[in-house]
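1. Predicted model follows, preceded by the sequence.
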Amino acid sequence: MSRARPPPLVTGISPNEGTAWTKVTIRGENLGMGAADLIGLSICGHSCLLTAEWMSASKIVCRVGPAKDDKGEIIVTTKSGGNGTSTVSFKLLKPDKIGILDQSAVWVDERNYYDMRTDRNKGISPLSLRPSNPLGIDIDKSKVPQTDMEQTFPGMSGDFTSENFSATWYLIENHSGTGFDQLRLAANNLKKQATKKNEGSLAYVKGGLSTFFEAQDALAAIHQKLESDGTEKVEGSMTQRLENVLNRASDTADTLFQEVLGRKDKADSTRNALNVLQRFKFLFNLPLNIERNIQKGDYDVVINDYEKAKSLFGNTEVPVFKKVYAEVETRIGALRSLLLEKLLETPSTLHDQKRYIRYLSDLHAPGDPAWQCIYAQHKWILQLLQNCRDEFITGQRVGVGALDLDGDTRPSALRMSHTASLKRGGSLRTPRPSTWRFETPQQVQFVEKLSDVVISQLPNFWKLWISYVNGSLFSETGEKSGQVERSKKNARQRQNDFKKMIEELTHRLVKLVRGALLPATLPPGELGLYGGWENKTDLTGLWVTQVIHTVRCCHDALATLEIPNDLLQVIQDLLLDLRVHCLLVTLQHTTEDVKKLAEKEDWVVDNEGLTSLPAQFELCMVQMLQSLKEPMETKPGEINVLQLDLAQDRASELCVVIMKAFISCLEQLSMKTDCDSSHVSVDHASPNTFSSTQEEFSPTPEQRLLIILSNCQYLERHTFINLAEHFEKHGFTGTEKITRVSEEAVRELDKTLFDAYIQRKSDPIVGSLEPGIYAGYFDWRDCQPPTGVRNYLKEALVSIITVHAEVFTISKELVPRILSKIVDSVAEEMCRLMHCVPSFSKNGAMQARLELWALRDAVACYLTADSNENFKQALEPLPQLHSGADKKSQEELLNTFKSSMQLQLTCFQPSSVQPVKR
């Protein structure tokens, strides 16, 4: 029949060697289901079940008995698993027998000494083997302060050996997080221990039965002898003989050990005398030794000697000793002053501060040196921050950053942005000469210096406070003297004071940064203390971004110290203001950059009628948005700047200003007259350009108007839409308003430029019609039969063709729009002239109809509803042709005109004016 559980297996024992009654911990598997299941435990062949304490199925604690074997296995026997096995062994060490005259360098435990009479060890009572964990479950220490427990349970104790033991206190202190199942198991363990304790007295008696029986047998034998003698003190009786033997043994022992004991007493006297002399010598040489050790910096030696002298001679009444001890106290007082002076010195490392505080604590220095050090550090850090500002304001620092490997001292973010802009087609700023070196602005260096001071000093300052709070600044001597508790009490009382110190430090940092970058956010009364940067150059958006990065690093470094968030909120507020400032400054500087784009217009036109100006404008805006990516990024604990109503409205206004600035730039270019050094170039890669435009030529005002008109159309149809997408991608709001206002402005400029161009081109053509019609004193009432279209109309068509060529060279898309408007003006003028004629003769009517038809058919593809109506109204005053011969003559003359000007009129065909697909 198989067992219910596997047999026990011992896999470890700690310690693995020791003398009898050594307490050991046995570990293994299947060591029993409970204390009742454990029925056997032997180590080195000796049963240890009496002292065994079952902890769990993998742990048993017991005492090793006086086994006969020096080394053996550990065998556990359980009801459920039977006899077990062991993979480890225990080595039993035999104790040395110490005689009465042998010197021993160890303390002999009287509870377990070797009895020479019976040649065996005296055992100890199992009741003395009180467990350190009476519940037998894992201990979970709580963090409830001792003082709170004492107030809650007055007069009670959590020590289960105390007479005033409180079970509630013990459970709160050791098992506050223990589950119900574990507590139920602990209750069962207590019941088992109570049962075992009741059986302990009986087991103790059983363990000493052999000694009891031996003593009883000896007494019984003596009693029988006495009864056989019949009297206790009769000459020659056994009792008398026994007394004589004992007396002779005593006299012999006194004789044997009298000399030895005498020598021992003499040696003890000599030793005591030497000890006294050594103490005197130590005291008399102590002042000089203190001086020497202070000079060498061996303060630990000084403190140990002082504590020894204080314990030996602190309460002496001998005058000479009092005098020397007073000298010692004087030297120690000087040492206290020296250590306090070193403690308050700045700069100092955290290690040195802790060391000096410990020394002063061991020397029982008056006051609270730790708090004095904290206060001095606080004042020193404040002074460091203020000194940074004073150094930069007075100009003592050189405004050049450390050179990089390539000679560029800009921040990495600036260098990356500059490199990226070159890859996209070149920087928007004016190229610098090769000898130029980028100079870091004073304000940026100042903020970085402030950040360095805070990051290097404030962590140690905070750690010093934490050490002060938890009492880790003191040595064991300080703990024994109660200084740790006093320190914790003082720390609790000074928490508000330290909080104010941290607040003052963070506020000083923030105000100094605001004075350098945001002076308008400071009260007027503080500008004199934190301002003074009026003569420094204002920072660009990229440098403000670098400042934001520095302040964020400073905030993160302080947050890792677990400083409360409310103490760091002032830095978060500064970051928010800096991010808003960076946004507005970047937009303002972008406005200035956009205004300078007019200087970069090279008038090189591609096959779509565009110059590089719209692309440069879009690139400028994209780079601006990319530069805002880092400052606008919302880190944990920060507010989204673009969700603030004030920042959102102001950013939208500035974006509109940027758009209008570029439109104003286009307007300035369209009105520019100093074109001596300028020229228009046509992209020769276009297959539709005229061969006659391969030569470079100076742009005329009309050509400038056409180029700007083409750019305006591209802005409205493409650039503004692309920029709206970029704005939304980067989280900007109000893009609809920005796009709407920008489109309205560019349409207004487009209309103005279009009207100006039409006026320049249509007025000469329209003005030449009336003089041409009446040239040679032509009279509609008295004229010859028509022989063809007169020259004035041909000249007007040639002028229109010239306009077509000029517009077509710049932009094919503008041709229909411009020519339709010119044709409208010509048709309107012809209508007016026809209505001004009082009457027409037959020949005059035929001539007028021929010329009107010729003009209308020539520009048919550019006719609009207005121009068609004007041609229709121009024909109304003319008498109708009733003769078939007249109509045939009219058609022949019209065909002749079309044939003669077929080449010139080819440009008006629809196939030649279709815009190029983008």
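-> Perfect, I can see it now.

2. quick one: average pLDDT of stretch 177-193?
-> Average pLDDT, stretch 177-193: 80.

3. So residue 73: helix, strand or coil?
-> Under DSSP: H, G, I helix; E, B strand; the rest coil, the three-state class of residue 73 is strand.

4. What is the distance between the helix ranked longest in the chain and the centre of its chain?
-> Criterion DSSP state H: the longest helix present in the chain is helix 238-296. In terms of CA atoms, centre = their mean, to the nearest Å, the centre of helix 238-296 is found 71 Å from the chain centre.

5. So which other helices or strands are in contact with it?
-> helix 209-229, helix 299-313, helix 319-343 (3 or more CB pairs under 8 Å, 6 or more residues apart in numbering; DSSP states H and E). Every residue, glycine included, has its C-beta placed from N, CA and C.

6. wait, doesn't residue 768 sit right on residue 799?
-> Yes. Counting by CB atoms under 8 Å, residue 768 does reach residue 799; the two are 7.4 Å apart.

7. And these two? Which one has more around it.
-> Neighbours per residue (other CB atoms under 10 Å) separate residue 768 from residue 799, with residue 799 holding more: 18 against 15.

8. hang on, isn't that one packed against residue 767?
-> No. Contact criterion CB under 8 Å: residue 799 and residue 767 do not qualify, at 10.6 Å.

9. Identify the residues contacting stretch 725-742?
-> 621-622, 625, 628-629, 632, 640, 642-643, 648-649, 651-652, 655-656, 659-660, 663, 715, 720-721, 723-724 (CB atoms under 8 Å, 6 or more residues apart in numbering).

10. Could you list which of those belong to helices?
-> 621-622, 625, 629, 632, 648-649, 651-652, 655-656, 659-660, 663, 720-721, 723-724.

11. Please produce a ChimeraX select command covering the buried subset of these.
-> Under the burial definition 16 or more other CB atoms under 10 Å, those of the ones in helices among the contacts of stretch 725-742 that qualify are selected in ChimeraX by:
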select :621,622,625,632,648,651,652,655,656,659,660,663,720,723,724
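
12. By mean pLDDT, flag the weakest helix or strand of the chain.
-> One helix or strand of the chain scores below all others by mean pLDDT, DSSP states H and E: helix 412-423, with a mean of 37.

13. Beyond that helix, next helix or strand please.
-> Next in sequence after helix 412-423, counting helices and strands by DSSP states H and E, comes helix 442-470.

14. For that following helix, buried residues please.
-> 442-451, 453-454, 457-462, 464-465, 467-469.

15. surely residue 8 meets residue 33?
-> No. Applying CB under 8 Å, one finds residue 8 not in contact with residue 33, separated by 10.9 Å.

16. Spit out the residues that contact those two alike.
-> Contact criterion CB under 8 Å, 6+ apart; residues shared by residue 8 and residue 33: residue 78.

17. Neighbour count for the two, which is higher?
-> Neighbour tally, residue 8 and residue 33, criterion other CB under 10 Å: the higher count belongs to residue 8, 29 against 16.

18. contacting residues around that one?
-> Contact analysis of residue 8 by CB under 8 Å, 6+ apart lists 28, 29, 30, 31, 32, 76, 77, 78, 81, 83, 84, 85.

19. doesn't the first one fall inside a strand?
-> Translated: residue 28. Yes. Under three-state DSSP, residue 28 sits within a strand.

20. Distance of it relative to residue 74?
-> Between residue 28 and residue 74 the computed distance is 8 Å (CB to CB, to the nearest Å).

21. Who has more neighbours out of the two?
-> residue 74 (28 against 22).

22. partner residues bridging that one?
-> residue 43 (DSSP bridges).

23. pretty sure it is touching residue 11, no?
-> No. In this structure, residue 74 is not within contact of residue 11 by CB under 8 Å, at 9.9 Å.

24. Show me whatever sits in contact with both of those two.
-> Contacts common to residue 74 and residue 11, judged by CB under 8 Å, 6+ apart, are residue 88.

25. what helices or strands is the helix or strand hosting residue 854 leaning on?
-> Assigned by DSSP H and E, residue 854 falls within helix 842-858. On a contact count with 3+ CB pairs under 8 Å, 6+ apart, helix 842-858 meets helix 791-810, helix 814-836, helix 865-875, helix 884-900.

26. Please work out the average pLDDT along it.
-> Per-residue scores along helix 842-858 average to 88.

27. Show me how far it is from its chain's centre.
-> 85 Å.

28. Buried residues of it, list them for me.
-> Counting neighbours by 16+ other CB under 10 Å, helix 842-858 gives 843-856, 858 as buried.

29. Ok, stretch 564-576 next?
-> 567, 568, 571, 572, 574, 575, 576.

30. if I read this right, the fourth one contacts residue 636, doesn't it?
-> Just to be clear, that refers to residue 572. No. Between residue 572 and residue 636 there is no contact under CB under 8 Å: 10.5 Å.

31. Return the residues in contact with residue 827.
-> 855, 856, 863, 866, 867, 868, 870, 871, 874.

32. pLDDT score for the closest residue to the second one other than its chain neighbours?
-> With CB to CB, 6 or more residues apart in numbering as the criterion, residue 856 has its nearest non-adjacent residue at 4.9 Å, and that residue is residue 871. Per-residue confidence for residue 871 comes out at a pLDDT of 88.

33. so residue 871 makes contact with residue 831?
-> Yes. Between residue 871 and residue 831 a contact is recorded at 7.3 Å, counting by CB under 8 Å.

34. Shouldn't residue 364 be within a helix?
-> No. Counting by three-state DSSP, residue 364 is located in no helix; its state is coil.

35. Give me the neighbour count for it.
-> Count around residue 364 with other CB under 10 Å applied: 15.

36. now residue 135
-> Neighbours of residue 135 using other CB under 10 Å come to 22.

37. Give me the secondary structure label for it.
-> Of the three states, residue 135 takes coil according to three-state DSSP.

38. How about the contacts made by it?
-> Residues in contact with residue 135 (CB under 8 Å, 6+ apart) are 175, 186, 189, 190.

39. what is the first one paired to in the beta sheet?
-> Okay, so that is residue 175. Bridge pairing for residue 175 - DSSP bridges - gives residue 140.

40. from memory it sits against residue 183, does it?
-> Yes. Counting by CB under 8 Å, residue 183 is a contact partner of residue 175 at 7.0 Å.

41. out of the two, which sits in the more crowded spot?
-> A count of neighbours by other CB under 10 Å puts residue 175 above the other of residue 175 and residue 183, at 19 against 13.

42. quick one: the more buried one from residue 661, how far?
-> 74 Å.

43. picking that back up, what would the helices and strands packed on helix 842-858 look like in JSON lines with distance to residue 732?
-> Shown next, in JSON lines, are the helices and strands packed on helix 842-858 (distance: least, CB to CB, whole Å):
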{"stretch": "helix 791-810", "distance to residue 732": "34"}
{"stretch": "helix 814-836", "distance to residue 732": "33"}
{"stretch": "helix 865-875", "distance to residue 732": "43"}
{"stretch": "helix 884-900", "distance to residue 732": "58"}
